[in-house]
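[1] Generate coordinates for the sequence data below:
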Amino acid sequence: MTRIERLSALLEEPLLVAGPPYVEGGQKNVRYLTGLASSNSAVLVTPDGSATLFTDFRYAQRARAIPGIEFVEAPRSMLAFVGERLSGRRVGIEEEHLPHAGFRALAEAGMDAVPTKGLVESLRAVKDEAEIDAMRRAGALSDVVFAALANERFTGRSERELAWWVERTMRDAGAEGVSFEPIVAAGATGASPHAIPGDDPIEPGVLVTIDAGCKVDGYCSDCTRTFAIGEVSERMREIYALCLEAQLAGLAAVGPGASGRDADAASRAVIGGADLGWAYGHGMGHGVGLQIHEAPTLRPESEDVLAAGNVVSVEPGIYLPGEGGVRIEDLVLVTDEGCERLTEFTKELLTVA
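    Residues are numbered from 1 along each chain as shown. This next block holds a predicted model:
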């Protein structure tokens with residue numbers, strides 16, 4: 001069954017999969033359904049399984065070559081054009097991806113737009129074999145880069161310089177790009193989960209957390225490792241060991257039928273048991289695929305239930321203001337038996353120069 005057919009089976013009325021130009025979510029859903037990577041496209045899927053793809057002149061040649069889908073060339077201001085073609089019809093829209101301006105363009109053109117939520121995302125959450133293959137290759141490429149990084153000198157270099165080294169090396173190794181701007185957080189900066197790399201030279205005696213990922217065939221990897229720069233304090237080694245224990249507990253809790261909430265709780269119990277629950281303020285993980293953050297989620301408020309074919313991150317962290325931080329993250333595939341790590345670089349605390 002094709003992705004269009006799987007989506008059509010969920011529909012009671014036509015669904016317009018669209019987002020504003022250059023906004024990732026809606027465009028990724030179009031790519032997932034049709035294979036067209038673009039910055040300005042939409043696809044109308046009907047309950048009977050037919051699909052009509054709209055995009056502008058820049059992508060028309062590729063769109064025409066997609067089999068089994070009707071193509072209509074649209075102007076750059078596409079949504080008003082699509083709304084006119086669908087005037088008088090009741091059509092679902094993706095409320096999470098279409099801003100009010102887009103909704104208004106469709107409505108003013110005469111389309112009866114009905115908000116929907118999460119239909120395509122529910123399909124994207126379970127990866128097929130081609131998607132899994134791409135993500136295995138992305139994970140393996142990340143491993144190569146982290147292994148090379150472990151042989152680099154950190155002392156005296158800035159976080160920003162190392163972040164650029166990671167991005168450049170991923171591209172040189174064959175990635176089509178990075179999943180997100182790499183995070184390099186040294187010493188006290190590591191107490192911020194989404195730290196912005198700075199220009200100060202890295203000093204010895206600190207931990208450095210590096211969070212990075214790459215894209216292969218459009219699919220993302222995500223991996224975090226924390227390195228010791230020379231000799232670090234026994235306190236920070238203990239924090240690292242605690243975070244690793246929590247990450248292993250989280251991995252053990254990931255499997256088909258497990259709730260995102262319970263998987264998160266397994267890692268949180270370890271850190272909370274050491275009276276550091278306050279220093280672990282984010283969720284344990286999230287789905288990864290065409291986007292670096294997608295369904296399902298693994299966090300305390302999650303209502304998701306894991307299924308074989310999900311690809312998720314497992315990334316507990318401990319963040320101590322004024323001292324530093326540790327995060328250890330693997331990308332994993334949920335299998336019938338549990339989970340398979342797609343990022344396999346060592347989680348031993350490595351000491352680098």
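
[2] Number of residues surrounding Thr2?
    A total of 12 residues lie near Thr2 under the criterion other C-beta atoms under 10 Å. Any C-beta I mention is one placed from the backbone N, CA and C, and that applies to glycine too.

[3] which residues touch it?
    With contacts defined as C-beta atoms under 8 Å, 6 or more residues apart in numbering, the neighbours of Thr2 are Gly68.

[4] same check, this time on Val208
    By C-beta under 8 Å, 6+ apart, the residues touching Val208 are Phe154, Glu159, Leu162, Val184, Ala185, Ala186, Gly187, Gly190, Ile202, Thr226, Phe227, Ile229.

[5] List the pairing partners of the host helix or strand of the fifth one within its sheet, with orientation.
    Secondary structure from DSSP states H and E places Ala185 in strand 183-186. Its sheet considered, strand 183-186 pairs with strand 206-212 (antiparallel) by DSSP bridges.

[6] for the helix or strand following the strand it pairs with, the distance to its chain's centre please.
    Tracing the chain C-terminally past strand 206-212 and defining elements by DSSP H and E, one meets strand 214-216 next. Once both centres are worked out by C-alpha atoms, centre = their mean, to the nearest Å, strand 214-216 turns out to sit 11 Å from its chain's centre.

[7] contacts for strand 214-216?
    Outside of strand 214-216, the residues that reach it under the criterion C-beta under 8 Å, 6+ apart are 134-135, 137-138, 141-142, 145, 170, 173-179, 220-221.

[8] and with 6 Å instead?
    Surrounding strand 214-216, the residues in contact under the criterion C-beta atoms under 6 Å, 6 or more residues apart in numbering are Ala134, Arg137, Ala138, Leu141, Ser142, Met170, Ala175, Glu176, Gly177, Val178, Ser179, Ser221.

[9] list the contacts for the residue nearest the centre of the chain?
    With distances taken as C-alpha atoms, centre = their mean, Ile292 lies nearest the centre of the chain, 1.5 Å away. For Ile292, the contact set (C-beta under 6 Å, 6+ apart) comprises Ser179, Phe180, Cys220.

[10] What values do phi and psi take at the first one?
    Note on Ser179: its backbone torsions stand at phi -70, psi -30 [degrees, to the nearest 10].

[11] can you count the residues close to it?
    Neighbour count for Ser179, taken as other C-beta under 10 Å: 25.

[12] Just want to check the distance between it and Tyr219.
    As judged by C-beta to C-beta, to the nearest Å, Ser179 and Tyr219 stand 9 Å apart.

[13] If you count neighbours, what's buried in stretch 72-83?
    Of the residues in stretch 72-83, Val72, Ala74, Met78, Leu79, Ala80, Phe81, Val82, Gly83 count as buried by neighbour count, 16 or more other C-beta atoms under 10 Å.

[14] Regarding the nearest residue to Tyr59 once chain neighbours are set aside, what is its secondary structure?
    Leaving aside its sequence neighbours, Tyr59 sits nearest to Ser38 (C-beta to C-beta, 6 or more residues apart in numbering; 4.4 Å). The three-state label for Ser38, taken from DSSP: H, G, I helix; E, B strand; the rest coil, comes out as coil.

[15] Packing partners of the host helix or strand of Ala148?
    Using DSSP H and E, Ala148 maps to helix 129-149. If contacts are counted by 3 or more C-beta pairs under 6 Å, 6 or more residues apart in numbering; DSSP states H and E, helix 129-149 sits against strand 214-216, strand 219-220.

[16] Quick check: neighbours of the last one in the sheet, parallel or antiparallel?
    When you say that, I think you mean strand 219-220. For strand 219-220, the pairing partners within the sheet under DSSP bridges are strand 214-216 (antiparallel).

[17] what are the bridge partners for Val91, then?
    Using DSSP bridges, the beta-bridge partners of Val91 come out as Ala113.

[18] didn't it look like it was pressed against Leu16?
    Yes: between Val91 and Leu16 there is a contact at 5.2 Å, judged by C-beta atoms under 6 Å.

[19] Pick out whichever of the two has more residues nearby.
    A side-by-side neighbour count of Val91 and Leu16, using other C-beta under 10 Å, places Leu16 first with 27 against 19.

[20] shouldn't that one be in contact with Arg90?
    No: Leu16 is not in contact with Arg90 according to C-beta under 6 Å; the separation is 11.0 Å.

[21] and the residue nearest to Tyr59, how far is that from Ala60?
    Taking C-beta to C-beta as the criterion, Ser38 is separated from Ala60 by 10 Å.

[22] How about Ala246?
    When C-beta to C-beta is applied, the distance between Ala246 and Ala60 equals 51 Å.

[23] Those two: who's more crowded?
    Ranked by neighbour count (other C-beta under 10 Å), Ala246 and Ala60 place Ala246 first, with 28 against 14.

[24] and the helix or strand containing the more buried one, C-alpha only, in PDB?
    Assigning secondary structure by DSSP H and E places Ala246 in helix 234-253. Once side chains and other backbone atoms are set aside, the C-alpha atoms of helix 234-253 remain, and they are given as PDB (Å, rounded to 0.1, in the frame of the first residue of the first chain):
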ATOM      1  CA  GLU A 234      35.600  13.400  40.500                       C
ATOM      2  CA  ARG A 235      32.300  15.300  40.900                       C
ATOM      3  CA  MET A 236      31.900  15.600  37.100                       C
ATOM      4  CA  ARG A 237      32.900  12.000  36.500                       C
ATOM      5  CA  GLU A 238      30.200  10.900  38.900                       C
ATOM      6  CA  ILE A 239      27.600  13.100  37.100                       C
ATOM      7  CA  TYR A 240      28.700  11.500  33.900                       C
ATOM      8  CA  ALA A 241      28.300   8.000  35.300                       C
ATOM      9  CA  LEU A 242      24.800   8.900  36.600                       C
ATOM     10  CA  CYS A 243      23.700  10.300  33.300                       C
ATOM     11  CA  LEU A 244      25.000   7.100  31.500                       C
ATOM     12  CA  GLU A 245      23.100   5.000  34.000                       C
ATOM     13  CA  ALA A 246      19.900   7.000  33.300                       C
ATOM     14  CA  GLN A 247      20.400   6.700  29.500                       C
ATOM     15  CA  LEU A 248      20.800   2.900  29.700                       C
ATOM     16  CA  ALA A 249      17.700   2.700  31.800                       C
ATOM     17  CA  GLY A 250      15.900   4.700  29.200                       C
ATOM     18  CA  LEU A 251      17.100   2.500  26.400                       C
ATOM     19  CA  ALA A 252      15.900  -0.600  28.300                       C
ATOM     20  CA  ALA A 253      12.500   0.900  28.600                       C
END
